[in-house]
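Asks: structural data only, the sequence is not supplied:
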């Protein structure tokens, strides 16, 4: 039989743990990145000093793609959106732990563009874990790339 004091201790620990989880959770809302709350989700969430970024696409803050949008232009805007979200928490690409790329009609040229970005951004031995997926379509017509990210916030 369990002593009642042990039960009280267990409930106290469980309650404290659950309360602390809620206290360490927040969202990122950068006004220079398109607002995702209009779609029912956050641009990114922070939990225990880790940023979990929703898939970013090539839209500017007004939900517009670059004129005559192609893969390269969308890729560049997507990277800008991620950089802005990282900078919201004083982070950089060097704090990124994982990247997941979703690419419509993946081919060698697109793969090489992503590889060149990774080699240029992470030249000194550190590179995040990365997944590259070729897909047939994204959530909206005309979107060609989406990137999810995970990053560690530096202790301040």
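Replies: Happy to help now that I have it. Remember, it's a predicted structure, so these values are computed and weren't measured experimentally.
Asks: quick one: contacts of the helix or strand where residue 76 lies?
Replies: Secondary structure from DSSP states H and E places residue 76 in helix 71-88. Helix 71-88 has contacts (Cβ atoms under 8 Å, 6 or more residues apart in numbering) with 28, 30, 32-34, 43-44, 51, 53, 56-60, 65-66, 92-93, 95-96, 103, 109-110, 113-114, 117, 143-147, 149, 151. Yep, even glycine has a C-beta here, placed from its N, CA and C like the rest.
Asks: and if we set it to 7 Å?
Replies: Residues outside helix 71-88 that contact it (Cβ atoms under 7 Å, 6 or more residues apart in numbering): 28, 30, 32-33, 43-44, 53, 56-58, 60, 65-66, 92, 95, 110, 113, 144-145, 147, 149, 151.
Asks: what do you get for stretch 137-152?
Replies: Residues contacting stretch 137-152 (Cβ under 7 Å, 6+ apart): 49-58, 65, 69, 71, 74-75, 78, 82, 86, 91, 95-104.
Asks: kindly check the end-to-end length of that stretch for me.
Replies: Using Cα to Cα, to the nearest Å, the end-to-end distance of stretch 137-152 comes to 30 Å.
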